[in-house]
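Undergrad: can't give you the sequence, but here's the structure:
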């Protein structure tokens, strides 16, 4: 199946990504502008006001005061995580501009797949993903227990792909809003993130979601909730073994390497993008609610 | 047969645990080692040259892959 057919079959997902970009990334940042308009905030809107990494840190370090003093960020993280529990990580699969850009770059650049990183064992991918997440939350638990300085948390901001995206967008679309300057903030950390996110995670990773798979704490947290939600019978992807023709098309289109060797879906990795559902010729993969036919 | 299956299962579990521990240790170490880079670029003796490290690593990977392909082609011909 060629790229244009995939594009056509998943057009709503790609339109949704553009909406996500317009909602969160400056100079547009429509969602943050709306929030500022309601609250009367006069600051320049940017993706930082919808930061989803910091509240995760606050949760694990037990910083309730931060969660109370920034209600907009707390509401946003509760919204995204709540959606993940009931509908799956649809923020990651349908809205997140960071994942969208790296996925788009991976699809646009015609690098042969043999040069791309692709771990086929979903258990290994999950172990690496949740191992990194465990290491990440350990940092915040240590801060919470006063065993580490606060500075180790603030260093995370230097390694933020959203910031890089914001700066790139400010450079590209800055002319739309003169208050937004050109590309700035370029240090070694930014270059490391840019390379890890777009070059290694985007171009050199099969599916272009290397950053989401291994480094995004929100993605890992959302998927954990999705796994719980799927077990409880909320909206999830299901696999019908009897209908499957083992054509492996789902394996080829999945950006998250979530298809297991028996062609069922690993909910700890799946972002509910529905690319596999749309490409499946026999309807073996479907989205379902309810307890029966739980995801294998 | 059964013993072999159990052995494979244990080996696989060990692989997953190893991958988990490896990744878990990477996160704090990454932050600790890159603190100087994060706070002050080009202040170290490398002067920002580390930016070249990533493309060089990937060039190495691509070269290794090419060598493997050429080797397999030669073995097929032979």
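TA: That came through fine. Note that the coordinates shown come from a computational prediction; the quantities given were computed from them, not determined experimentally.

Undergrad: Please make it C-alpha for all contacts and neighbour counts, starting now.
TA: OK.

Undergrad: Do you have the strands of the stretch 151-296 of chain A handy? List them.
TA: Counting by DSSP state E, counting those that start in this stretch, the stretch 151-296 of chain A has strands at residues A:236-239, A:285-288.

Undergrad: In its sheet, which strands sit next to the first one, and in what direction?
TA: By that I understand strand A:236-239. strand A:285-288 (antiparallel) (DSSP bridges).

Undergrad: rewinding a little: can you list the strands of the stretch 151-296 of chain A in CSV and add mean pLDDT and mean neighbour count?
TA: Putting those into CSV (pLDDT from 0 to 100; neighbours: other CA atoms under 10 Å in any protein chain shown) gives the following:
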stretch, mean pLDDT, mean neighbour count
strand A:236-239, 93, 24
strand A:285-288, 93, 18
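
Undergrad: To residue A:85, which of the ones you listed lies closest?
TA: Shortest distance between residue A:85 and these, using CA to CA, is found for strand A:236-239: 9.8 Å.

Undergrad: Contact partners for residue A:165?
TA: The contact partners of residue A:165, by CA atoms under 8 Å, 6 or more residues apart in numbering or on different chains, come to A:25, A:98.

Undergrad: Can you add distance to residue A:113 and give the strands of the stretch 151-296 of chain A back as TSV?
TA: As requested, the strands of the stretch 151-296 of chain A are exported to TSV (distance: least, CA to CA, whole Å):
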stretch	distance to residue A:113
strand A:236-239	26
strand A:285-288	24
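
Undergrad: Would you mind saying which of those lies nearest residue A:66?
TA: Among these, strand A:236-239 comes nearest to residue A:66, with 32.8 Å by CA to CA.

Undergrad: Any idea how far the closest one is from the middle of the chain?
TA: 20 Å (CA atoms, centre = their mean, to the nearest Å).

Undergrad: I figured residue A:270 hits residue A:258, correct?
TA: Yes. Using CA atoms under 8 Å, residue A:270 is in contact with residue A:258, at 5.4 Å.

Undergrad: Excluding chain neighbours, what is closest to residue A:24?
TA: residue A:47 (5.4 Å; CA to CA, 6 or more residues apart in numbering or on different chains).

Undergrad: One more: residue A:56?
TA: residue A:218 (7.4 Å).

Undergrad: Around the one you found, count how many other residues there are.
TA: Applying other CA atoms under 10 Å in any protein chain shown, we find 22 residues neighbouring residue A:218.

Undergrad: Report the beta-bridge partners for residue A:259.
TA: Beta-bridge partners recorded for residue A:259 (DSSP bridges): residue A:265.

Undergrad: Distance check, the residue nearest to residue A:24 against residue B:69.
TA: Distance, residue A:47 to residue B:69, by CA to CA, to the nearest Å: 44 Å.
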